[in-house]
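# I'd like to go over a predicted model; first the sequence, then the structure.
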Amino acid sequence: MMNYTLIDAHSHLWLKQDTVVDGLPIRTLENGRSLFMGEVRQMLPPFMVDGVNSAEIFLSNMDYAQVAAAVVTQEFIDGFQNDYLADVASRYPDRFFVCGMCEFRKPGYLEQARQLMARGFRGIKIPAQRLLLKEGRVMLNSEEMMQMFKLMEQNGVLLSIDLADGDTQVGEMEEVIQECPRLKVAIGHFGMVTRPGWTEQVKLARHPNVRIESGGITWLFNDEFYPFRGAVRAIREAADWVGMDKLMWGSDYPRTITAITYRMSYDFVLKSSELTEEEKALFLGENARRFYGFGTLPELPYIKNMSE
């Protein structure tokens, strides 16, 4: 039986994928598949036959896995989901913290960010790894970005961000953090943990308001696969650099759930003997509860499955 409060710091929801990234289409097909940049990929578990990655299906997964709440982030590959996520947050305010997303690939996003804040979004997501464009890189320390970050800082709106591999954008982020020390920042994909230079991203969490979340850690360690001992070692190493109170579990649902079940996206941490019970409690939920400001959370019963 589990005495942990589980909060997923990195998930995605969408009604339909229909967008273009780097000139290549991404489009929902059938049986959980999508056309993804020139090839057909299993984007969702195959039983999600209609391709709708809804809050209700996620909640069913969350309830079964005893995950009390989740942070819903965004990515350009899924298209803009601001309208859907605003609706989700209004219907399930105690279960989801949702992030809005602007069109950061061209100027004019400061005004979009203003509108998202006016609509009540408390987080904004930047898929910064997608800003290294052929026609010129969008810098995170550009004038318009800095104006947006200062506005977010003033309004208590947090930044959820995935960075390009290694230290590519770490210098820019250092400048952002220096300029906006009260801006809360959550860095995704555990710093792109299996790529060279990942610890440079992790070390950004030495700043008081910066956290690292592990959304994507199971696909980054997919070659090794469950129970992801390399991922546990990376969590241990990151904690040695910045402290376990700076690290948060994230699943990267639903893409990761094509390879493992939702429960498996955290129970490899639970089952590990390399982390103390207190460290597990911090990593799996307590840090996220404080950072995102979750209030009263549901207590979810353990439901035995048919293998047990």
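Perfect, thanks for sending it. Not measured: the values here are computed from a predicted model. Numbers count the residues shown, from 1 in each chain.
# Contacts for the strand or helix carrying residue 212 next, please.
Assigned by DSSP states H and E, residue 212 falls within strand 210-213. Contact partners of strand 210-213, identified using Cβ atoms under 8 Å, 6 or more residues apart in numbering, comprise 9-10, 71, 177, 184-188, 190-191, 201-202, 204-205, 238, 242, 246-250, 287-288, 291. The way it works is simple: take the backbone N, C-alpha and C, and place the C-beta from them, glycine included.
# count of neighbours near residue 229?
Neighbour count of residue 229, defined by other Cβ atoms under 10 Å: 14.
# To clarify, my last question referred to residue 155.
Neighbours of residue 155 using other Cβ under 10 Å come to 12.
# Likewise for residue 143?
Neighbour number of residue 143 under other Cβ under 10 Å is 10.
# And the strand holding residue 212, how far out from the chain middle?
In terms of Cα atoms, centre = their mean, to the nearest Å, the centre of strand 210-213 is found 10 Å from the chain centre.
# Please name the strands paired to it in the sheet, noting orientation.
Applying DSSP bridges, strand 210-213 is found paired with strand 185-187 (parallel), strand 247-248 (parallel).
# Now render those as a markdown table, adding distance to residue 20 and mean pLDDT.
Formatted as a markdown table, the strands paired with strand 210-213 follow (distance: least, Cβ to Cβ, whole Å; pLDDT from 0 to 100):
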| stretch | distance to residue 20 | mean pLDDT |
| --- | --- | --- |
| strand 185-187 | 26 | 98 |
| strand 247-248 | 31 | 98 |
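# How about residue 119, nearest residue that isn't a chain neighbour?
residue 86 (5.9 Å; Cβ to Cβ, 6 or more residues apart in numbering).
# The one you found: what secondary structure?
Taken by DSSP: H, G, I helix; E, B strand; the rest coil, the conformation at residue 86 corresponds to helix.
# In contact with it: list those residues for me.
98, 100, 119, 120, 121.
# now the strands paired with strand 210-213 in JSON lines, with distance to residue 52 and mean neighbour count?
Converted to JSON lines, the strands paired with strand 210-213 look like this (distance: least, Cβ to Cβ, whole Å; neighbours: other Cβ atoms under 10 Å):
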{"stretch": "strand 185-187", "distance to residue 52": "27", "mean neighbour count": "25"}
{"stretch": "strand 247-248", "distance to residue 52": "27", "mean neighbour count": "27"}
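# Among those, which comes closest to residue 304?
Closest to residue 304 of these, according to Cβ to Cβ: strand 247-248, at 28.3 Å.
# Number of residues surrounding residue 179?
Neighbour count of residue 179, defined by other Cβ under 10 Å: 13.
# which residues in the stretch 1-150 of the chain form helices?
For the stretch 1-150 of the chain, the helices defined by DSSP state H, counting those that start in this stretch occupy 55-65, 82-91, 109-118, 143-155.
# Residue 215: which of these is closest?
With Cβ to Cβ, the closest approach to residue 215 among those belongs to helix 55-65: 13.8 Å.
# Can you name the residues that contact residue 174?
Residue 174 touches residue 204, counting by Cβ under 8 Å, 6+ apart.
# check which helix or strand covers it.
Residue 174 belongs to helix 170-179, assigned by DSSP H and E.
# for that helix, which positions count as buried?
170, 172, 173, 174, 175, 176, 177 (16 or more other Cβ atoms under 10 Å).
# And the residues you listed, which is closest to residue 52?
residue 173 (34.6 Å).
# Surely that closest one touches residue 204?
Yes - between residue 173 and residue 204 there is a contact at 5.7 Å, judged by Cβ atoms under 8 Å.
# got any residues that touch both of those two?
185, 187.
# hang on, isn't residue 160 packed against residue 75?
No - when contacts are counted by Cβ under 8 Å, residue 160 is not listed as touching residue 75 (10.5 Å).
# overlap in contacts of those two?
With Cβ under 8 Å, 6+ apart as the test, residue 160 and residue 75 both reach residue 125.
# neighbour-wise, which of the two wins?
For residue 160 and residue 75, the more surrounded residue by other Cβ under 10 Å is residue 160, and the numbers stand at 29 against 21.
# Need the three-state assignment for the more buried one.
Criterion first, three-state DSSP; result for residue 160: strand.
# what pairs with the residue nearest to it when sequence neighbours are not counted across the strands?
The shortest distance from residue 160 to any non-neighbouring residue, by Cβ to Cβ, 6+ apart, is to residue 125 (4.4 Å). Residues in a beta bridge with residue 125, per DSSP bridges, are residue 101, residue 160.
# any idea how far residue 125 lies from residue 80?
Distance from residue 125 to residue 80, counting by Cβ to Cβ, to the nearest Å: 11 Å.
# quick one, which of those two is more surrounded?
Remark: of residue 125 and residue 80, residue 125 carries more neighbours, 28 against 16, as counted by other Cβ under 10 Å.
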